[in-house]
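K.L.:
Sequence plus predicted model, see below.
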Amino acid sequence: MFRIDSRTRYAAFILIVALVASLAVAAFRVRLETQENRVELAMDYTDFASLARSYNYNPAAFLIALRRAGLTSVALDEQLGANVGDNGRAYATTGAALMNQALIGTLSDPLLASLAKAHKLHRDAVYLLIDDASTFARLRQQLPLHFESKSIHVLRATKPWLIEVNTQIDYFNQLAFGIPEDQLALAKRLHLLVVARFQNDERFQRPQMEAEFNDVLSAGAKVSDIVFFGLRNQVFGYPDRIPDAAAAFKAHGPKSNTPFNFGTIETYDVSQVQKGNDSLARLLPAQTVRLQAIAKGEYDRISLDDMIGRFVLGVRERNIRIVYLRPWLHQDGNLSIEATNVEMVRNLANELKSDGFRLGRATPFPPYRGNNAALVGLATLAVPSIFVLLLGFFGWYRPLYAGAAYGATILLFVAGLVTHHETFARSAIALAGALLFVAAAFAALAAAFQETPAQRFQDQLLRSIGWALIVTAVALLGALVVVGIMSAPLAMIEIERFRGVRLVYALAPLIALSIYLFSRRFNPDAEPRSVFMSPIALYQLLIGIAIVGAGALLIMRSGNQSSVQPSHLELAMRHALAHWLSVRPRTKQFLIGVPSLMLIPALLPQHRRWLGWLLALGAGVDIGDVIDTFCHLHTPVLISLERIFNGALIGVLIGLIVMWIYRRACFTFGLLRVR
């Protein structure tokens, strides 16, 4: 067990205070995650309208059926210049095209014909012929946002309206000119929220951004979220006007009459993150929500159940608050395409509601009590405190070391606050705390390496479970400290990222192995020189190479995006675990970590001498897994707890089997009496 040196008792007291502060942060965070649980189900209207036209479905009736099934919103895109004529209400062409047409025939529009005859058409200009009053009003308002006034000429102010724009057609085609008014009217009539999708223009300043927002709001639509799109993949204001964009958003904050959120799109590839996304989100911590979408091409490669399961998993385990749907283009059984999509939305809505989520306007994570500087500052004191306790445990305590640890922690935290690099400071402190608690959790296992196995299997089982619980409890304290230090709202939606996740994952087994090899607490005869100079047998070298390769493979496979994909067997096992358990545990924890912890005190001393180093690595895997699970700050705390519990439970069952096989083998060779 971990015994406290009398000289470090003050550190134990400070540690208790810091753990209480961390627990308070965790409690406030759990309350926030439980309360702010409203989710939007949004349908991409462009793809939806295409499906409805293809099968001659009534769009309004189809949307009503989807709304009754649980759909809350429609995602409406700005109309690109290339698509101005898609609804038959406007026509865009170049002066050169009109001049060529006039050469071989006549232009039906008298004004265009007279301009062509008088050679007053400009070859490089774009001409807009508009047959709808609302479309003319929208384009009349949108064109000055992108072009200078001198470039726009209304040649005819009566129906059919004619506008000349001095620009290149390829440039005109890629610009966005507002959301079509008929789509906004349909959403308003059907009482659906609008996820408005805008495209950035690098010339935009705050007035132009506000004009874009007001253009949609003036139609009476209930805008819930703003999401950005476009080939350049930018948010409003990128690259130099992001503060302007934030100011335009804040005018529609939670207390305004027309509130809406900024939707940040979840990606697994850093190159796909929208330019300016994180900068804008940092300025809007109380108005940012996570959006999950599945690429259109993937819909043909996954099943309907897998698609629904992926969305449910995102909402439950990654704090997704906008589920971005596209129509399902295949029949499910005997259902029509229309009925299949209605059932898709109904099943998704029912699963989310059964998990305790509400449907409606997406709720962001606002500033909360658990993220105030005083509480987080207290939580950071757990890091130097556990460091001082470890110094006492290993016999290295010096008052100077303790003073330096506390001083460095306080200085780093205060410097982060003052210089507005708080996230970096908190991440550095949290990483140090995670690694120190890895060492503490393994140090708590020291006595287990000296135990003599019990004669009765039942007694040994209880002992092994007890040791596994002790180590897991200390690791959970480390996880609690990480939660206490890092639980800012932006970290919970993965805008502010804890950069130490992979380090905790990779270094935990190495820390455990180092302590086992070099600490006299584990090996009274341990000397660094003797360890490094010990002869190595060929089988030990091969085992070491295999372990290094396995460790590298595990690290390469970590994260959401990996070049090394799981095998079909592992995928089948994951699917089964996800089906039978509400939260799938981590494979390494129940296959390697927990069984290693249980086997350590069950080994005979002669076996422990040559197998102990391998089990120390396994114990490090378990400890690292426990702490690393909570380093994924976008996962709700209760979900992480459930994941650890499930992994420990399955791990104990596997450890029981491994222990029974080991003891039976020892009994067979006369090494142990089994009762």
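P.N.:
Looks like it arrived, so ask away.
K.L.:
buried stuff in the helix or strand harbouring residue 513?
P.N.:
Assigned by DSSP states H and E, residue 513 falls within helix 501-518. Neighbour-count burial for helix 501-518 flags 501, 503-509, 511-518 (criterion: 16 or more other CB atoms under 10 Å). For glycine as for every other residue, the C-beta is placed from the backbone atoms N, C-alpha and C.
K.L.:
by contact count, what packs against it?
P.N.:
helix 422-443, helix 528-533, helix 538-557, helix 605-631 (3 or more CB pairs under 8 Å, 6 or more residues apart in numbering; DSSP states H and E).
K.L.:
among those helices, which gets the worst mean confidence?
P.N.:
Lowest mean pLDDT within these: helix 528-533, at a mean of 54.
K.L.:
measure the nearest residue to residue 318 once chain neighbours are set aside to residue 397 for me?
P.N.:
Distance criterion CB to CB, 6 or more residues apart in numbering; nearest residue to residue 318, sequence neighbours excluded, is residue 634 at 5.1 Å. Distance check for residue 634 against residue 397: by CB to CB, to the nearest Å, it reads 38 Å.
K.L.:
do the same with residue 192
P.N.:
Distance of residue 192 to residue 397, given as CB to CB: 65 Å.
K.L.:
Who has more neighbours out of the two?
P.N.:
Remark: of residue 192 and residue 397, residue 192 carries more neighbours, 24 against 18, as counted by other CB atoms under 10 Å.
K.L.:
pretty sure the more buried one is touching residue 73, no?
P.N.:
Yes. Using CB atoms under 8 Å, residue 192 makes contact with residue 73 at a distance of 5.9 Å.
K.L.:
Packing partners of the helix or strand residue 349 falls within?
P.N.:
If you go by DSSP H and E, residue 349 is part of helix 337-354. Applying 3+ CB pairs under 8 Å, 6+ apart, one finds that helix 337-354 contacts strand 38-44, helix 45-55, helix 59-69, helix 304-318, strand 320-325, strand 358-359.
K.L.:
out of those, deepest packed?
P.N.:
strand 320-325 (a mean of 26; mean count of other CB atoms under 10 Å).
K.L.:
now the angle from that one to helix 45-55?
P.N.:
Put simply, strand 320-325 runs at 30 degrees to helix 45-55, going by axes from the mean of the first three to the mean of the last three CA atoms, to 10 degrees.
K.L.:
and strand 320-325 with helix 337-354, angle?
P.N.:
Going by the same axes, to 10 degrees, strand 320-325 makes 170 degrees with helix 337-354.
K.L.:
what packs against strand 320-325?
P.N.:
Counting contacts by 3+ CB pairs under 8 Å, 6+ apart, strand 320-325 packs against strand 38-44, strand 288-293, helix 304-318, helix 337-354.
K.L.:
hmm, 10 Å instead?
P.N.:
Under the contact criterion of 3 or more CB pairs under 10 Å, 6 or more residues apart in numbering; DSSP states H and E, strand 320-325 touches strand 38-44, strand 73-77, strand 223-229, strand 261-265, strand 288-293, helix 304-318, helix 337-354.
K.L.:
So for residue 15, which of these sits nearest?
P.N.:
helix 304-318 (30.4 Å; CB to CB).
K.L.:
and that closest one, how far from the chain's centre?
P.N.:
Put simply, helix 304-318 sits 13 Å off its chain's centre (CA atoms, centre = their mean, to the nearest Å).
K.L.:
all numbers from here: first residue = 47
P.N.:
Fine by me, first position is 47 from now on; the one you just mentioned is helix 350-364.
K.L.:
got any ranges where this structure has weak pLDDT?
P.N.:
Regions of the chain meeting the criterion pLDDT under 70 cover residues 47-49, 570-617, 620, 718-721.
K.L.:
For the helix holding residue 559, output the C-alpha coordinates as PDB.
P.N.:
Output of helix 547-564 as PDB, limited to C-alpha atoms (Å, rounded to 0.1, in the frame of the first residue of the first chain):
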ATOM      1  CA  VAL A 547      -3.800  12.400 -24.600                       C
ATOM      2  CA  ARG A 548      -1.300  10.400 -26.600                       C
ATOM      3  CA  LEU A 549       1.500  11.000 -24.200                       C
ATOM      4  CA  VAL A 550      -0.500   9.600 -21.300                       C
ATOM      5  CA  TYR A 551      -1.400   6.600 -23.500                       C
ATOM      6  CA  ALA A 552       2.200   5.900 -24.600                       C
ATOM      7  CA  LEU A 553       4.100   6.800 -21.400                       C
ATOM      8  CA  ALA A 554       2.000   5.000 -18.800                       C
ATOM      9  CA  PRO A 555       3.400   1.500 -19.400                       C
ATOM     10  CA  LEU A 556       6.900   2.900 -19.600                       C
ATOM     11  CA  ILE A 557       6.500   4.700 -16.300                       C
ATOM     12  CA  ALA A 558       5.200   1.500 -14.700                       C
ATOM     13  CA  LEU A 559       8.100  -0.600 -16.100                       C
ATOM     14  CA  SER A 560      10.700   2.000 -15.000                       C
ATOM     15  CA  ILE A 561       9.400   2.000 -11.500                       C
ATOM     16  CA  TYR A 562       9.400  -1.800 -11.400                       C
ATOM     17  CA  LEU A 563      12.900  -2.100 -12.700                       C
ATOM     18  CA  PHE A 564      14.600   0.700 -10.700                       C
END
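K.L.:
now the lengthiest helix in the chain against helix 350-364, angle please.
P.N.:
In the chain, assigned by DSSP state H, the helix with the most residues is helix 683-714. For helix 683-714 against helix 350-364, the angle by the same axes, to 10 degrees is 100 degrees.
K.L.:
how far does helix 683-714 sit from the chain's center?
P.N.:
30 Å.
K.L.:
How about stretch 704-720?
P.N.:
The answer for stretch 704-720 is 47 Å, by CA atoms, centre = their mean.
K.L.:
Name the residues of that stretch that are buried.
P.N.:
So, applying 16+ other CB under 10 Å, buried residues of stretch 704-720: 704-705, 708-709, 712, 718.
K.L.:
And for stretch 451-465?
P.N.:
For stretch 451-465, the neighbour count (16+ other CB under 10 Å) marks 451-452, 455, 458-459, 462 as buried.
K.L.:
Of the residues you listed, just say which sits nearest to residue 173.
P.N.:
residue 462 (57.4 Å).
K.L.:
The helix or strand hosting the closest one: how far from the chain's middle?
P.N.:
Element membership for residue 462 (DSSP H and E) is helix 445-464. Put simply, helix 445-464 sits 31 Å off its chain's centre (CA atoms, centre = their mean).
K.L.:
same check, this time on stretch 500-519
P.N.:
Remark: stretch 500-519 is offset 37 Å from the chain centroid, using CA atoms, centre = their mean.
K.L.:
Over to stretch 560-570?
P.N.:
Distance, centroid of stretch 560-570 to centroid of chain: 39 Å (CA atoms, centre = their mean).
K.L.:
other SSEs contacting the longest helix of the chain?
P.N.:
Applying 3+ CB pairs under 10 Å, 6+ apart, we find helix 683-714 packed against helix 55-81, helix 350-364, helix 503-532, helix 614-626, helix 633-634, helix 640-645, helix 651-677.
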